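Trainee: What shape does this take:
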Amino acid sequence: MGKKIIAAVILGGVAFSLLLAVALQRGSSSAGRNAYAGGEVGVVYIEGVIAGGTGSSGLFGSQGGAESIASLLREASRAPNLRAVVIRLNSPGGTPAASQEIEAEIQRLKDSGKKVVASMGDVAASGAYWVAAGADQIVANPGTITGSIGVIMETTNLEGLYEKIGVSPATYKSGPYKDMGSSARPATAEERAIFQSMIDDVYNQFIDAVARGRHRDASEIRPLADGRVYTGRQAKELGLVDRLGDFHDAVLLAGELAGIEGEPAIVDLGPKNFWTDIFGSAGVKSPWGSGWFVLPGQSDKVGSLNLR
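Mentor: This is a model prediction of the structure:
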């Protein structure tokens, strides 16, 4: 009985401490916002793998859903109090279409008169760089991992394994290429050519997006786009980012571009993750950082087309 009472007291103390900390943080956030008179800068977070849909959030990280991100950017374009938006990126990349959807929404946000700054955290590579390239300015830490401009598709041939364990897959198809990428057999020369044509097409779309966003010719981008990664400092030297700095520097730059006098107030636009679902929008982020544990699902017939 005594142990139960002690345990209850400890749990109650922990719960009270958490609630008090959140209340104080919310209070200080509100007070801080009221103290700024110059203007407001919204912040949208893109964390984890960028994919279609609304995304997902869990204890160990998140997946950046293009639909959720696009919705937040549309809301920002309609918000009269927001004069600029910082897109905070901590993502190793994602799928081409999801990156394109976010890039298109960034362009609409810019067309509405808002300034957009991309702020790179630990990593903002491949599909995340595609997104960042659409911003007015890109700010990266010197040690940020970025670049990785390229496209990859992977398939696995398990024919030998199936034979070893006595499994004999049977396939019935409506056309010669319906089971392209099947794990039950090697790809034919014609199938490899089809896959490569897809890769080349998306790669050229990626090059065009970067060239358009960076106001450079595609011929200047192509030599930098062999799939390699760069540090933030290397990317700055190559013209792939505009400035070196942290998140706060990006917020100040957004305010400067928007003509805000003094330090702007920061409005957290989301999306919410596991921790903000519990503690509210008090700026609490997952202590494990970006969602390295969340990967796009792959069919057993064909590998996913990814920017990473």
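Trainee: Low-confidence regions, the stretch 201-308 of the chain specifically.
Mentor: The model of the stretch 201-308 of the chain has pLDDT under 70 over residues 272-308.
Trainee: count of neighbours near residue 242?
Mentor: Residue 242 is flanked by 18 other residues according to other Cβ atoms under 10 Å. Where you see a C-beta, it was placed from the backbone N, CA and C, and this is true even at glycine.
Trainee: From the chain's centroid, how far away is stretch 168-183?
Mentor: 34 Å (Cα atoms, centre = their mean, to the nearest Å).
Trainee: Can you give me the buried ones in that stretch?
Mentor: Of all the residues in stretch 168-183, those buried under the rule 16 or more other Cβ atoms under 10 Å are 179, 180, 181, 182, 183.
Trainee: Can you pick out the most distant pair from these?
Mentor: Spanning the widest gap among the buried residues of stretch 168-183 are 180 and 183, at 11.4 Å by Cβ to Cβ.
Trainee: quick revisit: may I see the buried residues of stretch 168-183 arranged in CSV, with pLDDT as well?
Mentor: Below are the buried residues of stretch 168-183 laid out as CSV (pLDDT from 0 to 100):
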residue, pLDDT
179, 93
180, 94
181, 92
182, 94
183, 93
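Trainee: what sits against the residue nearest to residue 94 when sequence neighbours are not counted?
Mentor: Take residue 94 and drop its neighbours on the chain: the residue closest to it by Cβ to Cβ, 6 or more residues apart in numbering is residue 50, 2.8 Å away. By Cβ atoms under 8 Å, 6 or more residues apart in numbering, residue 50 lies in contact with 63-64, 66, 91, 93-95, 98-99, 102, 127-128, 131.
Trainee: What about those residues, which are in helices?
Mentor: Those of these mapping onto helices are 66, 98, 99, 102, 127, 128, 131, per DSSP state H.
Trainee: Distance-wise, check the fourth one relative to residue 96.
Mentor: Spelled out, it's residue 102. Distance, residue 102 to residue 96, using Cβ to Cβ, to the nearest Å: 11 Å.
Trainee: Tell me how many other residues surround the residue nearest to residue 126 when sequence neighbours are not counted.
Mentor: Distance criterion Cβ to Cβ, 6+ apart; nearest residue to residue 126, sequence neighbours excluded, is residue 93 at 3.1 Å. When neighbours are defined as other Cβ under 10 Å, residue 93 has 25 of them.
Trainee: same check, this time on residue 81
Mentor: Neighbours of residue 81 under the rule other Cβ under 10 Å: 9.
Trainee: ok, residue 102 and residue 96, which is more surrounded?
Mentor: Neighbours per residue (other Cβ under 10 Å) separate residue 102 from residue 96, with residue 102 holding more: 29 against 22.
Trainee: in what helix or strand does residue 226 lie?
Mentor: Using DSSP states H and E, residue 226 sits within no helix or strand.
Trainee: Touching, it and residue 150? I think so.
Mentor: Yes - here residue 226 reaches residue 150: they are 6.8 Å apart, a contact under Cβ atoms under 8 Å.
Trainee: Which one of these two is surrounded by more residues?
Mentor: Neighbour count, other Cβ under 10 Å: between residue 226 and residue 150, residue 150 has more, with 20 against 10.
Trainee: if I look at the residue nearest to residue 225 when sequence neighbours are not counted, how far off is residue 205?
Mentor: Leaving out its chain neighbours, the residue that sits closest to residue 225 by Cβ to Cβ, 6+ apart is residue 149, at 3.7 Å. According to Cβ to Cβ, residue 149 stands 11 Å off from residue 205.
Trainee: ok, the two, which is more surrounded?
Mentor: The residue with more neighbours, out of residue 149 and residue 205, is residue 149; 27 against 15, by other Cβ under 10 Å.
Trainee: Tell me the confidence at that one?
Mentor: Looking at residue 149, its pLDDT is 97.
Trainee: so which strand or helix has it?
Mentor: Using DSSP H and E, residue 149 sits within no helix or strand.
Trainee: and the residue nearest to residue 225, what does it touch?
Mentor: If you count contacts by Cβ under 8 Å, 6+ apart, residue 149 has them with 126, 129, 206, 207, 210, 221, 224, 225, 226, 227.
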